[in-house]
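Engineer: Sequence first, predicted model second:
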Amino acid sequence: MRVVDLFCGCGGMSLGFLNAGFEIIEAFDNWDPAIRTYEKNFTHPVRKADLADESMINVISELTPEIIIGGPPCQDFSSAGHRDETLGRAELSKTYTDIVANAKPKYFVMENVPRIRVSKTYQYVREKMKKVGYGLTEKILDASYCGVPQKRKRLFLIGCLGAEDDFLLDYLNKNLASSPMSIYDYLGDSLGVEYYFRIPRSYNRRAVFSIYEPCQTIRGVDRPIPPNYKKHPQDPVEVGPLARALTPKERSFMQTFPENFVFEENKTNTNQMIGNAVPVKLAEYVANAILQYDKSKGKDE
C-alpha cells in the first residue's frame, strides 16, 4: 500500500511501516534537522513543508495515498509539556485531520499521547473522521508489549473507510506480548552496565534503573547526571561506575532504531528527534495489524 507520512520527524513511523512491507511514497516535515536526518536514512522523498498551509491539502491529495500516517506534535497535550491546547501546536492535529478528510485514503493512522483524548481537539478529530465515513479504532498501546524495550504509552487512532468502529481492535490485541520487554531482552548485556541513570521529573522519584526492566520513557531532553546527585532510597546502586547516563545512540536503541540508522545532528537536536519519534517496532506492530486486517477483508470479499 502507498503511504504518506505527515510530521515524519526523523522517520520512526516510516521505518516501521517500511519494515512491515508498505511503500512510503513521500514524507513531510517542517524541521530542518529532522529532514536532514530523514534524507540520510531513506531513499524516498521527504519534503519540507508547513502542513498548516491550506495548499498542502491538495498537494497530498494529488499523491493518492492509500494510507496516511503521522504523529502531529503533542507537546500541548503531553504531561511533559504545557498541557494547554490553546498554544498553537494542537492545531496541527486538526490540520492532519483536514488533510486526511480531503485525501480520503483507505486507512489513516494518527499517533499521540494518551492525554489528547480529553481535549477539544481530539473531539474535533473524531467527529470529522466519522463524518467523512471512517470506522475508528482507538487503542492505547504500551510499547513494551509490542517489541520495544521501553515503557512508553501512546494513543493510536486508526481509521478505515466504510469499516465498523473497533475494526482493528482484535488484531491489535492478539499479538501483544504476555510480559513487557526489558532492555536485556532486546540488547543483552551490550550496554556494558546493568544500571543507567535518567533525570527524574522530580527528585522525589528514583533515577537509577536496571536493564532487566523496560527502559523508562525516552524524552526529548537528556540532561547529564548532576554532580551533587544524592542516591534516592529506591535507586538500586550509586551513580558512578555501576550506573551511567545513556548516550544518544543508546537512547535510539530504546526507540528500536537500528544500529545503522544515521544521526549526525548536534546532541540537543538528536535527543529531541529521538525522544519525539514513534518507536520503530511500535509502528511496525500497528502496520502489521493493518496488513492482517486488510488481508482478512480481502478473503471475505
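Structural biologist: Perfect, thanks for sending it. Numbering: from 1, shown residues only.

Engineer: Tell me which helix or strand the spatially most distant residue from the centre of the chain sits in.
Structural biologist: In the chain, counting by Cα atoms, centre = their mean, Asn228 sits farthest out from the average C-alpha position, at 33.8 Å. When elements are assigned from DSSP states H and E, Asn228 belongs to no helix and no strand.

Engineer: What segments of the stretch 151-300 of the chain are helices?
Structural biologist: For the stretch 151-300 of the chain, the helices defined by DSSP state H, counting those that start in this stretch occupy 169-174, 183-187, 248-254, 267-276, 280-300.

Engineer: gap between the first one and the chain center?
Structural biologist: When you say that, I think you mean helix 169-174. For helix 169-174, the gap between its own C-alpha mean and the chain's C-alpha mean amounts to 19 Å (Cα atoms, centre = their mean, to the nearest Å).

Engineer: packing partners for that helix?
Structural biologist: When contacts are defined as 3 or more Cβ pairs under 8 Å, 6 or more residues apart in numbering; DSSP states H and E, helix 169-174 sits against strand 134-142, helix 280-300. For the C-beta atoms, the positions are set from N, CA and C on the backbone; glycine is no exception.

Engineer: Could you list the low-pLDDT ranges of the stretch 201-301 of the chain?
Structural biologist: Low-confidence segments of the stretch 201-301 of the chain, defined by pLDDT under 70, span residues 299-301.

Engineer: quick one on the thing from earlier: which stretch among the helices of the stretch 151-300 of the chain comes nearest Arg115?
Structural biologist: helix 267-276 (15.7 Å; Cβ to Cβ).

Engineer: how about the strands in the stretch 51-200 of the chain?
Structural biologist: Secondary structure of the stretch 51-200 of the chain (DSSP state E, counting those that start in this stretch): strands located at 67-70, 107-112, 134-142, 153-161, 195-197.

Engineer: Just the mean pLDDT for the fourth one, thanks.
Structural biologist: Right, strand 153-161. Mean pLDDT, strand 153-161: 98.

Engineer: ok, residues contacting it?
Structural biologist: Surrounding strand 153-161, the residues in contact under the criterion Cβ atoms under 8 Å, 6 or more residues apart in numbering are 100, 104-114, 116-117, 125-126, 129, 132-143, 167-168, 172, 278, 282, 286, 290, 293.

Engineer: my read: Ile225 touches Asp235, true?
Structural biologist: No. Using Cβ atoms under 8 Å, Ile225 is not in contact with Asp235; the gap is 11.7 Å.

Engineer: ok, how many other residues are close to the residue nearest to Leu6 when sequence neighbours are not counted?
Structural biologist: Using Cβ to Cβ, 6 or more residues apart in numbering and skipping residues adjacent in sequence, the residue nearest Leu6 is Gly70, 3.5 Å away. Residue crowding around Gly70 was assessed by other Cβ atoms under 10 Å; the count is 28.
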